[in-house]
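In: Take this sequence and fold it.
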Amino acid sequence: MENRELLISLAIKYNGEYSLIKKAIENNEICELRECRNCITILDKEYPKRLLDLKRPPYVLFYKGDINLLNEESIGIVGSRKPCDYALRATREVVLNRRDKVVISGMAKGIDACAHKYADRTIGILGCGINYIYPYCNKDLFKEVEKKGLLISEYPDKSLPYAYHFPFRNRLIAALSDEVYIMEVHEKSGTITTVNESLELGKDIRVLPYDVFNESGSYNNYLINEGALMINIKIDK
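Out: From the prediction side, this is the model:
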């Protein structure tokens, strides 16, 4: 496809759903052209080259904020929505010790919100429409990230936050990050999808170690035993 406007129009028509857009392109579907200022497409020179490493790179990215941050050196920080205090303290210290990097996360509660909060420059990747605030408890954080960083989504306007969007969203966190920090992960969690995507892309994974009496970190320690790098930044008491 060579028509940028048609690509944007298909993304809007199908609410950013990758499989539907792909099918429409393969069928040479024509639709009414729609305008959108704050978006970049896979056809644009500004499109992040790192996303082209994905098997399913997004056709269109909608955004709010400083789009130039997509080309800066970055780290991804992910973890539980209900983390223990140790994981939150460690997340804060990692962010404060890596002020030279753009912090990328998924705008969820818990570890994501903590990472965005303490970062000077940050990118929030959404699993819903660019104008849909989810979770709503993070409404102030959305405003803050838009002001000091960047919000991006492959879903336009107020597309709903369907559950399957979030593991699919995690491939973008992995692809855009130079390395990924895992602060608290459980065996059956969305964070594991980010781990798997990162491994497939050959990214370094750094995992926070836990003491053996902290059940919250048992899978963190498992990943370290399997060969993941260990986060060794000093944590303030």
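In: Check whether the residue positioned nearest the centre of the chain sits in a helix, strand or coil.
Out: Geometric centre of the chain, nearest residue: Ile173, 3.4 Å, by Cα atoms, centre = their mean. Under DSSP: H, G, I helix; E, B strand; the rest coil, the three-state class of Ile173 is helix.
In: Look up the closest residue to it, ignoring the ones flanking it.
Out: Using Cβ to Cβ, 6 or more residues apart in numbering and skipping residues adjacent in sequence, the residue nearest Ile173 is Gly76, 4.8 Å away. The C-beta positions use only the backbone N, C-alpha and C, and glycine is treated the same way.
In: other SSEs contacting the stretch of helix or strand the one you found belongs to?
Out: Here Gly76 is covered by strand 74-78, with elements defined by DSSP states H and E. Using 3 or more Cβ pairs under 8 Å, 6 or more residues apart in numbering; DSSP states H and E, the elements in contact with strand 74-78 are helix 85-97, strand 102-105, helix 111-118, helix 165-176, strand 179-182, helix 190-200.
In: got a markdown table for those, with mean pLDDT too?
Out: Converted to a markdown table, these look like this (pLDDT from 0 to 100):
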| stretch | mean pLDDT |
| --- | --- |
| helix 85-97 | 96 |
| strand 102-105 | 98 |
| helix 111-118 | 98 |
| helix 165-176 | 97 |
| strand 179-182 | 98 |
| helix 190-200 | 94 |
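In: which one of the ones you listed is the most hemmed in?
Out: Each of these was scored by mean neighbour count; the highest is strand 102-105, a mean of 28, by mean count of other Cβ atoms under 10 Å.
In: What pairs with that one, parallel or antiparallel?
Out: strand 74-78 (parallel), strand 122-125 (parallel) (DSSP bridges).
In: Minimum distance to Leu150: which of those has it?
Out: strand 122-125 (4.7 Å; Cβ to Cβ).
In: is the residue nearest to Ile173 in a bridge, and if so with what?
Out: Assessed by DSSP bridges, Gly76 has beta-bridge partners Ile104, Val180.
In: so how many other residues sit close to Pro83?
Out: Counted with other Cβ atoms under 10 Å, residues neighbouring Pro83 total 22.
In: Can you classify it by secondary structure?
Out: Strictly by three-state DSSP, Pro83 counts as coil.
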